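Visitor: Below is the structure, and that's it, no one-letter string:
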Ligand code: PGA
């Protein structure tokens, strides 16, 4: 049984005070380790430290929203793997669709980031997903295959164990339009088969595949209830405990 991961991607939101109070509320809700559910928050870089402090000794993990692939040095504006580790991160999001589309990240760049993060001991949440036009054109699986091949290039079986996949159909992100549980399940099943072919069935069975894209309290149970959906990457609904906690509760219910 794979452990659910419920992850909050705060994107470029919150200020220090709201970030710290949200973290404090979540640390009360997920104060101790649970066998069935793991909780992660990814605040903006400037708030990693105060959020980490507010999470205290709770079971809520801290993650970065991105990372650079080079070691510390002359790379203005970038943040190194070592720095994320140093401020308490265990996780990092890589390849989010906003970084692919707005910041122009390619599969090659994403692969370098994934490799650097794994080498530095971070667990990667690798985001993949198709645009609306690609889905309408029947390209969903081909797009996912291309993104997976790009991201996993040169990554060995043992290195790949440090990767969680997040399937995020771009048309469902921030739009209020969610993939149906059947659409999510079908993409997740496809990704799991890809992992099985590229690595092996055992590895594929162990790898967590999260769904992201307008996950809300009212759809969390049906999405997380799909056999190949192992958690959620939540944007908008992760910014308030009143909407994020019910998603954690849905995962608890399904795992318990
Ligand atoms: P959303 O964002 O939940 O606001 O759709 C999800 C994400 O981009 O990770």
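Guide: Noted; the coordinates are in hand. Treat the numbers as computed from the prediction; the structure is a model and nothing was measured.

Visitor: Residue of the stretch 151-256 of the chain closest to the ligand, please.
Guide: Ranked by C-beta to the nearest ligand atom, the top residue of the stretch 151-256 of the chain for proximity to the ligand is residue 235, at 2.3 Å. Yep, even glycine has a C-beta here, placed from its N, CA and C like the rest.

Visitor: Tell me the residues of this protein that contact the ligand?
Guide: Counting by C-beta under 6 Å from any ligand atom, the residues of the chain close to the ligand are 9, 168, 173-174, 212-215, 233-237.

Visitor: who wins for neighbours among the residues you listed?
Guide: Highest neighbour count within these: residue 215, with 30 neighbours (other C-beta atoms under 10 Å).

Visitor: Spell out the secondary structure type for it.
Guide: coil (DSSP: H, G, I helix; E, B strand; the rest coil).

Visitor: Could you do residue 125 as well?
Guide: strand.

Visitor: right, and it touches residue 113 too?
Guide: No - Residue 125 lies out of contact with residue 113 (C-beta atoms under 8 Å); the separation is 11.6 Å.

Visitor: Between these two, tell me which one has more neighbours.
Guide: Ranked by neighbour count (other C-beta under 10 Å), residue 125 and residue 113 place residue 125 first, with 28 against 25.

Visitor: so what's that one bridging to?
Guide: Under DSSP bridges, the beta-bridge partners of residue 125 are residue 93, residue 164.

Visitor: who's in contact with the residue in the stretch 1-150 of the chain positioned nearest to the ligand?
Guide: At 4.2 Å from the ligand, residue 9 is the closest residue in the stretch 1-150 of the chain, using C-beta to the nearest ligand atom. Counting by C-beta atoms under 8 Å, 6 or more residues apart in numbering, residue 9 touches 42, 65, 93, 96, 212, 233, 234, 235, 238.
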